[in-house]
Structure formats: C-alpha cells, structure tokens
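> I would like to see how this sequence folds:
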Amino acid sequence: SLPDALYVINPKQQSCNYPDPMLCGCGVIFKFIQAFITRYGEEFGISKGWEKWLLDMVGISTVSDMVPLQNENRIFAYFGMKVIKKTRRLGLKKLLWDAGISINHMDEEDIAFGITPKINAASRMSHPEDAYQLFMAKDDMSATTHVKHLISLNNDRKKLVAQTMKKAYQKLDGQEINGVIVVGSPSWQAGILGLVASKLVEKYHVPAFVWSEENGEIKGSCRTYNGFHLVDIMNAAESGTFIQFGGHKEAGGFSCSKHEIHFLKERLEKALEHYQNDLPKASEPEMRIDAVITIDDVHMDNYQEIKKLAPFGVSNEKPLFLIKNVVPQKVAQFGKTKEHLEIHFTNSTGKTVRAITFYSSAENYSCPPQVRVPMNLVAHLEHSVFMGKHELRLKIVDCVEPN
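Residues are numbered from 1 along each chain as shown. Predicted structure coming up:
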C-alpha cells in the first residue's frame, strides 16, 4: 500500500516507466534534485550542473547499498569516485585518511570495506545524525572529532556483532538447516541484524533471515546466497506471513507479527521448494572462474586492463582467476594480532608475488597452503595503496587441491 501523499517517487512502482528501477534511495533523491534544478534552478539561483558535486554521496551510497552496479548505478559509482577525489568535505577526507586510503587511488572496495562500516555505525549504534555531522564538518577540529566518534561507534559495533554471532551459533547448534536460516531474539539490536545475516550466509551457504522485536512487532534483515532472489522468496511465502517486506536480490528487510515468527522458517522453506533443484549443497558452494592464469600474469599491464571493467560490485563482480599448481614459498599470519593470512609465490623472474586475505588462516581452506607444496589458488588481482605504499597482489578467495 502506498502512503497518502500527493506524489510518490519510487521507480519500483509498476506504474512507473523510469528505465532503471534499481536505484538506491540516495540515487532516487539525486534524480529528484536533478529534476528540481532543471525546472526551478534559475528561480532559486542554482546553476545548471551544480548537482554533480553531490555525486560523492551518491557514489558512496550506491556502492554501500549493494544495488546492482549496472546501468545508471554504474554511472553513479564511477563518477561518484571521481568527485570523491575532488571532494571539499573535510570529514570525508579525514575518514579516508584515517582508514589509510589514498584518495587518488581509491576504488569501490575502499568504500565498501574502509569507510562504509564506519558511516553505518552511526545508525546501527547511535543516530544517523552522527554521520551527517561528519560530512558537514566545516573545520579540521570538528572533522577529526566526528571521525573519532564514528570509529568508536564502529568498534562498539564489532564487539556487539561478535557477541550476537555467538548467540546465533548457539541457537542454530543441532538444528537441521533445510535451505534457509531463521534466527533471532527480541533483545538483539536491530542495527546489526543485516551484518549477522551476512555472516550466517558465509558460514552455512543458505539464505538467512535474522530478527529482533521492536514496539511489539518482529522486524528483521535478510541476506541471500548464490544469487537467490530474496524478494522472490518472500513474495512466494504464504499470504499473511509478512506485514511488510522489501529490498532487492541480495539484501532485504521484513516485518511480521509476534505470532507469525513461530511459523516463518516453515513457510520460507515451503516457498523455497520449487527452487530446491537450483540450490547448491551447503558443502559445495558454486564458484565461477573467469580465466586460468599463471603467476607470471600478475603484472600491472593486466591489472590496468581489468580496471577498465570497474567499478565492481553486485551484478558486475570482480574477475576471478585460477592459478594451477602454484608453489608457496612462505605461508604466514600478519597484522597486529596475526589475524590475516599471506602466501608468497615466486614468478619466473624471481620476483615475489604476495597473496593475502583478511581475518583468515591456512586451516580455513579445504587445501591448507603449505610451503613448497603445490596447490591451486583462486584469487582476484588487486592494486593496494595503503599509507602511501603501492602493492600489486592477489586477493585469496580459495585454496584447493591441484588436479
């Protein structure tokens, strides 16, 4: 049902003929601003094209909201990053600097993993106004203060997610996972439910629905696995299951009555039945390799060719490569608490090529990497610039037995 309003601006409405229905909320607002300036810009003294300076916010939102990076979203993400490199927002500059991100070499992963969690921590742990104040800071002192506050909120968020994950695993222990996970508690904090759902998807390889209670109503977030369309799943559920639901293919939200939550898992499993043949087994997640390469192919010319396909994200994934029978020369943990994994290889010229992954160890893979033991490596090619240091490297996705 639509709200009682003179106009509803939403490209997902069936009666709307806008060519791109997959804009995130910020993208929709930007299109409204464009239309307003076109019609009323002269009257209000707004010069034509002024709105392009807002694309830093649109680009960050488009990447962060996990909408498909196709069509207009691809344009928003691409030009959004160009505007970020010229941004006058002191708070954004400070946030990037604190994350060790080079503003001239940043990419969509820097946004998604370097600054998005800190921005989102405001609404997850406090109030969205905290993030707004960061972007509107007018001097260095104010910008620094707001960045420190967001970092503190994000650290609190990490601790809360870890605590909630422990509780979720306890609830799921011994349960049979039949295609979907439904887990929650009235006391869980609503702002982190999507993060919990994402981690459950990573572990169990099935769609996850995570809930809490707010004002006597069950509200939750959901994440999918292997391209399974969340809105299709919820739409196929028995009538009356949800009060409201929405989102897109990868992520969504829902609400239902306290009575219905007891039947939600069963009803979602039934909705999944006609998709069951297409679902991968939990122990056999699908992985599409784009090309087989050698360790000698890890060089800047190839990276520059790959970069032409950017920005990468949902529906435009970063190319995934397989390197066969590659021999590790070094396998080690790095980081302050040795929480990250690195593997060193040597190419035909004797140059070291480093492969890394965060928050992982050798034991996490079906074929744990060992020094001087051949393995197959599945990885992305990436160029990192951290604290001014440039590195062309491999980003580990999986380590598997050689054929």
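
> helix or strand right after the helix or strand hosting residue 94?
According to DSSP states H and E, residue 94 maps onto helix 90-98. Elements were assigned by DSSP H and E; along the chain past helix 90-98, the next helix or strand is helix 108-109.

> give me the contact list for that next one.
Residues external to helix 108-109 that are found in contact with it (CB atoms under 8 Å, 6 or more residues apart in numbering): 63, 69, 77, 81, 310, 311, 312, 313, 382. All C-beta atoms are positioned from the backbone trio N, CA, C, and that covers glycine.

> wait, a strand at the second one?
No - secondary structure of residue 69 (DSSP: H, G, I helix; E, B strand; the rest coil): coil, not part of a strand.

> distance of it from residue 314?
Residue 69 sits 6 Å away from residue 314, going by CB to CB, to the nearest Å.

> mind listing the helices for the chain?
With DSSP state H as the criterion, the chain has helices at 25-44, 55-64, 71-84, 90-98, 108-109, 116-125, 129-135, 140-172, 193-204, 230-236, 264-272, 300-307.

> can you say which of those is nearest to residue 376?
Closest approach to residue 376 among these (CB to CB): helix 300-307, 19.2 Å.

> how about residues contacting the closest one?
293, 318, 319, 381, 382, 383, 392.

> and if you look at stretch 45-63?
Contacts of stretch 45-63 (CB under 8 Å, 6+ apart): 24-27, 30, 33-34, 37-38, 40-41, 69, 73, 76-84, 87, 89, 92, 108, 111-112, 115-116, 119, 135, 311, 313.

> do you know how far the closest residue to residue 33 other than its chain neighbours is from residue 92?
Distances taken as CB to CB, 6 or more residues apart in numbering put residue 51 closest to residue 33, at 5.2 Å, once the chain neighbours are dropped. Distance, residue 51 to residue 92, using CB to CB: 17 Å.

> so where's this structure shaky on pLDDT?
Applying pLDDT under 70 to the chain flags residues 227, 274-286.

> residue 309: neighbour count?
11 (other CB atoms under 10 Å).

> and it, what does it touch?
Applying CB under 8 Å, 6+ apart, the residues contacting residue 309 are 316, 319.

> could we number from 45 for the rest of this?
With the count now opening at 45, the last piece we talked about shows up as residue 353.

> who wins for most neighbours among the contacts of helix 152-153?
For these, the largest number of neighbours (other CB under 10 Å) sits with residue 107, at 28 neighbours.

> any idea how far that residue is from residue 286?
From residue 107 to residue 286 the distance is 28 Å (CB to CB).

> now swap in residue 80 and tell me
Applying CB to CB to residue 80 and residue 286 gives a distance of 34 Å.

> between those two, point out the one with more neighbours.
residue 286 (20 against 13).

> ok, that one touching residue 278?
Yes - Residue 286 sits in contact with residue 278 when judged by CB atoms under 8 Å, with a separation of 6.2 Å.

> pick the most buried one from the helices of the chain.
Highest mean neighbour count of the helices of the chain: helix 99-108, a mean of 24 (counted as mean count of other CB atoms under 10 Å).

> quick one: it to helix 115-128, angle?
130 degrees (axes from the mean of the first three to the mean of the last three CA atoms, to 10 degrees).
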